[in-house]
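Student: quick one: sequence plus predicted model below, questions after.
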Amino acid sequence: EDQVTQSPEALRLQEGESSSLNCSYTVSGLRGLFWYRQDPGKGPEFLFTLYSAGEEKEKERLKATLTKKESFLHITAPKPEDSATYLCAGSNTGNQFYFGTGTSLTVIP
Amino acid sequence: NAGVMQNPRHLVRRRGQEARLRCSPMKGHSHVYWYRQLPEEGLKFMVYLQKENIIDESGMPKERFSAEFPKEGPSILRIQQVVRGDSAAYFCASSPPANYGYTFGSGTRLTVV
């Protein structure tokens, strides 16, 4: 069964305390691994797409990496405005995405 | 350049009524996707449509749910005879042809009382 599992479910960090979020996937024939950010009451906002193992992408304090079994979202020196739920999704067809349940990140000033 | 527009943002229906959720894709996007997000669960794929065609409805419940994307106008997700278990956030996403990424709308939060 194609699925995506994220851990931890929730993460509290002090401002400036770096950490990583994990996304494990079992999506056959993975064509893309996606990271989204979701704020309360809003739709998911696209962050990154990773296509092959070894690929890395960065945006401000975020860096996403991909292996053959998992992806990591590294957050360096987070700020309170980085508080959100981070969603990971895999796709093998481009039409249907398999989403994890997300990691709820809280950054404390 | 407006993003994906969904309306209404909030919808309250009594059990047995019909719910109609609308989604206007981004300009230039011809592919529309509907997802449902239940409390404490991840986003679940429901249906993928192109203009006047349902491409993949493998995630749609077999009864009471239907979707369309007409030649003119928004995509509609229709839920007939709603039940309490239909209460959820429904998100629409769109993408251009041959593109590998979605843009999501802000969702419609359906509450069945």
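Tutor: That came through fine. Residues are numbered from 1 along each chain as shown, chains lettered A, B, ... in the order given.

Student: any weak-confidence spans in the chain?
Tutor: By default, I'm working from chain A. For chain A, applying pLDDT under 70 flags the ranges A:94.

Student: um, chain B though
Tutor: Checking chain B against pLDDT under 70 turns up B:1, B:98-100.

Student: what's the residue closest to the geometric middle of it?
Tutor: Geometric centre of chain B, nearest residue: residue B:34, 3.8 Å, by C-alpha atoms, centre = their mean.

Student: what strand or helix carries the closest residue to that one other than its chain neighbours?
Tutor: Here the nearest residue to residue B:34 in space, its sequence neighbours aside, is residue B:46; by C-beta to C-beta, 6 or more residues apart in numbering or on different chains that works out to 4.4 Å. Yep, even glycine has a C-beta here, placed from its N, CA and C like the rest. Element membership of residue B:46, judged by DSSP states H and E, is strand B:43-50.

Student: which other residues reach that strand?
Tutor: Taking contacts as C-beta atoms under 8 Å, 6 or more residues apart in numbering or on different chains, the residues outside strand B:43-50 that touch it are A:44, A:87, A:89, A:95-99, B:30-38, B:54-60, B:65, B:67-69, B:75, B:77, B:91.

Student: thinking again about what came up before, helices and strands around the helix or strand containing the residue nearest to the centre of chain B, which ones?
Tutor: Take DSSP H and E as the rule and residue B:34 turns out to sit in strand B:31-37. Using 3 or more C-beta pairs under 8 Å, 6 or more residues apart in numbering or on different chains; DSSP states H and E, the elements in contact with strand B:31-37 are strand B:43-50, strand B:75-79, strand B:88-95.

Student: wait, residue A:45 touches residue B:106, no?
Tutor: No - judged on C-beta atoms under 8 Å, residue A:45 makes no contact with residue B:106 at a distance of 10.2 Å.

Student: between those two, which is the more surrounded one?
Tutor: Between residue A:45 and residue B:106, counted using other C-beta atoms under 10 Å in any protein chain shown, the more crowded position is residue B:106 (19 against 14).
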